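Structure, please.
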Amino acid sequence: MQHIKHFMDSQNFIYASVSINVQTQLIMTMWRGQVTESHQLSDVINFCCEQMNEHNLKSWLSDFTAIQGHFHGLSAHAQKMVFENVALTPLKHFALVSQLAANPSRSALLHALRQVKVEVRSFDLFTPAIEWLILPHIDDAIWNQSKTISF
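Residues are numbered from 1 along each chain as shown. Alright, predicted model coming up:
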């Protein structure tokens with residue numbers, strides 16, 4: 001992963017970091033601290049969309065495990081950003097990592113992503129999320145039909 005940008009609030013605390021891996025067509029956003037203003041969310045989403053378009057990135061992992069507080073007040077803005085910007089990118093898969101209980105705001109955001117034809121999954125741990133995004137998916141029927149080698 002190549003770290004490409006840190007987003008800082010007015011007190012110079014990093015609230016989001018963005019990394020990309022062009023080979024796996026993955027962009028990753030690590031959120032931390034508090035995001036309290038819609039422009040903070042807009043800045044990150046706009047930057048991520050620019051990177052997706054520039055590098056043909058098809059998978060996005062967004063990790064909220066280190067976030068403090070909730071995005072409840074920003075969910076309508078996040079949905080608007082999805083329809084206006086994410087829909088214009090090559091994005092195909094979105095993994096959300098959070099250990100907080102599901103809530104209406106998160107559900108609305110995930111629904112908006114699905115409406116723009118992005119496959120979405122939620123995870124409570126980072127490892128299964130990254131595996132889902134970058135490992136090839138093999139149908140069980142293919143596994144069952146494959147030959148085994150005995151030594």
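
rest of the way, CA atoms for contacts and neighbours
OK.

Pull out the buried residues from the longest helix belonging to the chain.
What stands out as the longest helix in the chain, according to DSSP state H, is helix 38-55. Within helix 38-55, the residues scored as buried using 16 or more other Cα atoms under 10 Å are Gln40, Leu41, Ser42, Val44, Ile45, Asn46, Cys48, Cys49, Glu50, Gln51, Met52, His55.

got a markdown table for the residues you listed, with pLDDT and distance to Ala66 too?
Formatted as a markdown table, the buried residues of helix 38-55 follow (pLDDT from 0 to 100; distance: Cα to Cα, whole Å):
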| residue | pLDDT | distance to Ala66 |
| --- | --- | --- |
| Gln40 | 85 | 16 |
| Leu41 | 83 | 16 |
| Ser42 | 86 | 19 |
| Val44 | 91 | 16 |
| Ile45 | 90 | 18 |
| Asn46 | 92 | 21 |
| Cys48 | 96 | 19 |
| Cys49 | 95 | 22 |
| Glu50 | 96 | 24 |
| Gln51 | 97 | 23 |
| Met52 | 97 | 24 |
| His55 | 97 | 27 |
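
what distance separates the longest helix of the chain from the centre of its chain?
Put simply, helix 38-55 sits 11 Å off its chain's centre (Cα atoms, centre = their mean, to the nearest Å).
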